[in-house]
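> I would like to see how this sequence folds:
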Amino acid sequence: MNVGNTVHEIFGRLPEKAALYSEPALNQPLYTNLHVHLPPNFGSIQSIDDAIAHAKQEQIVVLGASNYYDHTIYTTFAQAAVKAGIIPVFGVEVLTMDEALQAGGILTNDPKNPGKLYICGKGLTRFDDLDDATLVIWQKIRSGDAQRIEQMIDRLNQIDFLGQCEIRLQYDVIAQTVAEEKRVPVHTVFLQERHLVQALQQAIWEHIPEKDRAAWLQQLYGVQNAIEAEDVVKVQNDLRTYLLKQGRAAYVDECFVSPEEAAQLILGLGGYVSYPALIDGAPSISPFEGPPEVLVEHLLERKIPAAEVIPTRNNLDTLTLYVKTLRAYGIAVGAGTEHNDAVWLPLLPHCKRNVPLSDELLSIFWEGACVAVAHQYLQAKGAEKGVRFLPDAAARHSQIQELAAIGASVIATFTN
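Numbers count the residues shown, from 1 in each chain. Take a look at the predicted model:
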């Protein structure tokens with residue numbers, strides 16, 4: 001079964017809207033996570049089964065994947081989620097470059113690169129029969145990223161200090177290793193920077209004795225300060241910083257599409273655009289995002305109807321201010337954990353320093369997840385409705401309320 005058929009199989013079998021389970025489920029918020037990266041994307045989730053088992057244990061009823069490059073794994077994800085009584089939400093994350101913001105030196109949701117803008121898609125329902133315009137953008141992203149990673153590998157292999165220790169990397173070998181570790185077909189693996197530094201760290205561990213690693217890494221980085229050589233995750237992050245970032249030996253310019261192309265791709269995949277807000281996840285809130293009303297203005301200018309946050313980055317008070325402001329302007333808000341790091345954390349979102357979410361935030365995030373579920377349900381049913389950008393604030397509020405009620409009923413029907 002292909003991914004598109006999976007979506008329709010899950011939601012198409014449910015009753016029509018008028019016959020959905022009628023219990024007012026919105027009155028009792030349930031736990032959700034709308035943004036994780038599943039294997040083969042880099043992260044601490046070891047397998048689809050691992051993700052579902054943890055979600056079930058943490059009583060999460062809606063789990064949203066935000067993978068990029070290949071979505072073949074979504075069929076396996078969907079089937080495992082349904083079996084566990086969890087509703088899957090299908091998403092995508094796209095790296096874009098806004099040239100006007102770049103020219104103005106304005107940071108957005110990337111804390112270091114002006115104009116670099118992450119954009120997410122939620123509620124994807126079309127994967128297999130895409131129109132030509134969508135396919136062109138999809139292939140542009142995939143081929144551009146694959147070429148960049150291959151160039152980075154070539155540049156790593158040209159570093160004499162690595163060559164002297166017979167350390168060499170190969171795209172196919174790394175991809176095969178990732179596929180075996182994550183238990184996915186190798187053709188679904190599109191390597192990321194983090195995959196490269198993980199493979200490089202493992203090669204260093206194989207070739208350099210433990211007692212020599214700190215001094216050896218110090219030479220590799222070309223620094224005099226003390227170097228971490230025991231914490232594997234820290235070593236991988238340092239390798240990325242000293243070798244792959246701008247101005248370093250293996251840096252290669254990223255391949256971007258424009259925000260407009262990303263939005264076209266997301267709509268072509270049957271989803272809706274969502275902005276992943278960084279807020280105080282950086283040393284200072286970016287000009288694009290602060291204060292909250294400015295972020296709202298930027299989203300409305302770009303006709304973006306939804307936003308999402310990764311609360312583990314944020315302080316509770318700051319997060320609350322932003323989420324309430326976004327929702328007050330008729331922008332649906334969801335939350336996730338991303339899980340794009342090697343360190344494991346719970347799937348249930350929480351704020352910095354393990355501060356739990358307030359009931360108010362849980363309610364808003366539950367509503368946002370219900371909106372995503374409703375969008376997938378309506379699209380699978382062949383309805384033209386779903387999440388759309390509406391210029392009128394009152395209309396945006398009504399849309400959220402209507403879709404959230406449908407989504408809550410879908411979840412209640414699905415889980416009862």
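
> need the three-state assignment for the closest residue to N157 other than its chain neighbours.
Once flanking residues are discounted, N157 sits nearest to R168: 5.2 Å by CB to CB, 6 or more residues apart in numbering. To be clear about C-beta, it is placed using only N, CA and C from the backbone, and glycine gets the same treatment. Three-state call for R168 (DSSP: H, G, I helix; E, B strand; the rest coil): coil.

> for R168, grab the count of nearby residues.
Neighbours of R168 under the rule other CB atoms under 10 Å: 12.

> residues contacting it?
R168 makes contacts with N157, L162, A203, as judged by CB atoms under 8 Å, 6 or more residues apart in numbering.

> out of these, which is most surrounded?
Most surrounded of these: other CB under 10 Å gives L162, at 21 neighbours.

> once you drop chain neighbours, what's closest to that one?
Nearest in space to L162, with sequence neighbours left out and distances taken as CB to CB, 6+ apart, is L156 at 6.6 Å.

> thinking again about what came up before, where helices are concerned, which of the contacts of R168 count?
N157, L162, A203 (DSSP state H).

> distance to V189 and pLDDT added to those, as a markdown table?
Below are those laid out as a markdown table (distance: CB to CB, whole Å; pLDDT from 0 to 100):
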| residue | distance to V189 | pLDDT |
| --- | --- | --- |
| N157 | 20 | 96 |
| L162 | 23 | 94 |
| A203 | 18 | 95 |
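
> I86: which of those residues is nearest?
A203 (37.5 Å; CB to CB).

> the closest one reaches L169, doesn't it?
Yes - if you go by CB atoms under 8 Å, A203 and L169 touch, sitting 7.0 Å apart.

> so what pLDDT did the one residue sitting closest to the centre of the chain get?
The centroid of the chain falls nearest to S66 when counting by CA atoms, centre = their mean (3.9 Å). Per-residue pLDDT puts S66 at 94.

> check the one 5 residues further on too.
Per-residue confidence (pLDDT) for H71: 84.

> and H37, by the same measure?
Value for H37, per-residue pLDDT: 94.

> how close does it sit to Y69?
Look at H37 and Y69: by CB to CB, to the nearest Å, they are 11 Å apart.

> so these two - more neighbours on which side?
Counting neighbours by other CB under 10 Å for H37 and for Y69 shows that H37 has the greater number, 24 against 18.

> ok, how many other residues are close to A306?
The tally of other residues near A306 (other CB under 10 Å) stands at 26.

> quick one, what contacts it?
So A306 contacts K122, Y272, V273, S274, Y275, I331, A332, V333, G334, G368, V371, V387 (CB under 8 Å, 6+ apart).

> now name the helix or strand holding L135.
helix 132-157 (DSSP states H and E).

> thinking again about what came up before, just the pLDDT for the residue nearest to L162.
pLDDT, L156: 96.

> and it, how many neighbours?
Neighbours of L156 (other CB under 10 Å): 23.

> hang on, the earlier thing: need the ones in helices among the contacts of R168 in TSV (columns: distance to D253).
Below are the ones in helices among the contacts of R168 laid out as TSV (distance: CB to CB, whole Å):
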residue	distance to D253
N157	19
L162	22
A203	25
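
> just these now: which is nearest Q192?
Nearest to Q192 among the ones in helices among the contacts of R168, with distances taken as CB to CB, is A203, at 17.1 Å.

> apart from its chain neighbours, what residue comes closest to that closest one?
I167 (4.8 Å).

> domain map for this protein?
According to automatic domain parsing, the chain comprises the domains 3-130+269-415, 149-244.

> point out the most buried one among these.
Mean neighbour count, computed with mean count of other CB atoms under 10 Å, is highest for domain 3-130+269-415 among those, reaching a mean of 20.

> show me where the stretch 251-400 of the chain has helices.
259-268, 292-301, 316-328, 359-380, 393-415 (DSSP state H, counting those that start in this stretch).

> tell me which other helices or strands the fourth one touches.
Helix 359-380 makes packing contacts with helix 3-12, strand 31-36, strand 60-65, strand 87-90, strand 306-309, helix 316-328, strand 332-335, helix 393-415 when contacts are defined by 3 or more CB pairs under 8 Å, 6 or more residues apart in numbering; DSSP states H and E.
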